[in-house]
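Trainee: Pasted the sequence and its predicted model underneath.
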Amino acid sequence: MRTILDRSLLASMIVGLLFVSACAKRPVTAVSQAPAPAPAPAAPSPRAPAPAPAAPAPPQAAPTPPPAPRPAPPKDYRPDDALKPINFAFDSATVRPADIKILDASAAWLVKNRDFLLLIEGHCDERGTDEYNLALGDRRARSAMSYLVAHGVASDRITIVSFGEQRPLCRESNEGCWAKNRRDMFLIKER
């Protein structure tokens, strides 16, 4: 009986020690920068041993660069009557069926007039954050670009830029005005 009790006590103590050691908190180690190296002595004394070279400092993580500023839109682009703007539904970058004919006509004109470069500007209405609207304007411009490329316009002739809500055509806060602002504009310049 005593041996069973001794074994049970021993097993309980082992389980208890494992439990305590497994749940122990690990000490927090502070990471500090290496101190600046001390200036080297002018001349070592003849009796003193030469100081051991200092261990190289651990590599430091490069600081994260600030976000790159958005490039300014290319200059010298101008509107042309042959390239009509297209509009989008609220919160959408899908080309509407009504605007397919406009893009078809634009693609045909651009294929015939290969001496021109194209700038597609993506625009949004005032609803949404600046960041969201810039991304949505970019998706709208890319949507039109994809359509034009699929219809024969070389992608290296096309530049896109998003203005988000920064350049509205209409400044009223109503659906009629917002619908005018949700657009892609097409501008050209000679090569």
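Mentor: Nice, I can see it.

Trainee: From now on I want contacts and neighbour counts done on CA atoms only, so please keep to that.
Mentor: Noted.

Trainee: Quick check: phi and psi at Gly164.
Mentor: Here is the backbone geometry of Gly164 (degrees, to the nearest 10): phi 60, psi -130.

Trainee: For it, grab the count of nearby residues.
Mentor: Neighbours of Gly164 under the rule other Cα atoms under 10 Å: 27.

Trainee: now the strands for this protein?
Mentor: 78-79, 86-87, 116-123, 158-164, 183-190 (DSSP state E).

Trainee: most neighbours per residue, which of the ones you listed?
Mentor: strand 116-123 (a mean of 24; mean count of other Cα atoms under 10 Å).

Trainee: among the helices and strands of this structure, which has the poorest mean pLDDT?
Mentor: The least trusted helix or strand in the chain, going by mean pLDDT, DSSP states H and E, turns out to be helix 2-23, with a mean of 59.

Trainee: Where do the helices of this structure begin and end?
Mentor: Per DSSP state H, the chain carries helices over the ranges 2-23, 97-112, 130-150, 175-181.

Trainee: Okay, Phe90 and Asn133: tell me how far apart.
Mentor: Computed as Cα to Cα, to the nearest Å, the Phe90 to Asn133 distance reads 11 Å.

Trainee: more neighbours, those two?
Mentor: Asn133 (23 against 13).

Trainee: Let me know the distance separating that one from Ser92.
Mentor: 11 Å.

Trainee: Repeat that for Lys189.
Mentor: According to Cα to Cα, Lys189 stands 28 Å off from Ser92.

Trainee: Please tabulate the strands of the chain in JSON lines, including the columns distance to Leu103 and mean pLDDT.
Mentor: Formatted as JSON lines, the strands of the chain follow (distance: least, Cα to Cα, whole Å; pLDDT from 0 to 100):
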{"stretch": "strand 78-79", "distance to Leu103": "15", "mean pLDDT": "96"}
{"stretch": "strand 86-87", "distance to Leu103": "8", "mean pLDDT": "98"}
{"stretch": "strand 116-123", "distance to Leu103": "12", "mean pLDDT": "98"}
{"stretch": "strand 158-164", "distance to Leu103": "14", "mean pLDDT": "97"}
{"stretch": "strand 183-190", "distance to Leu103": "10", "mean pLDDT": "97"}
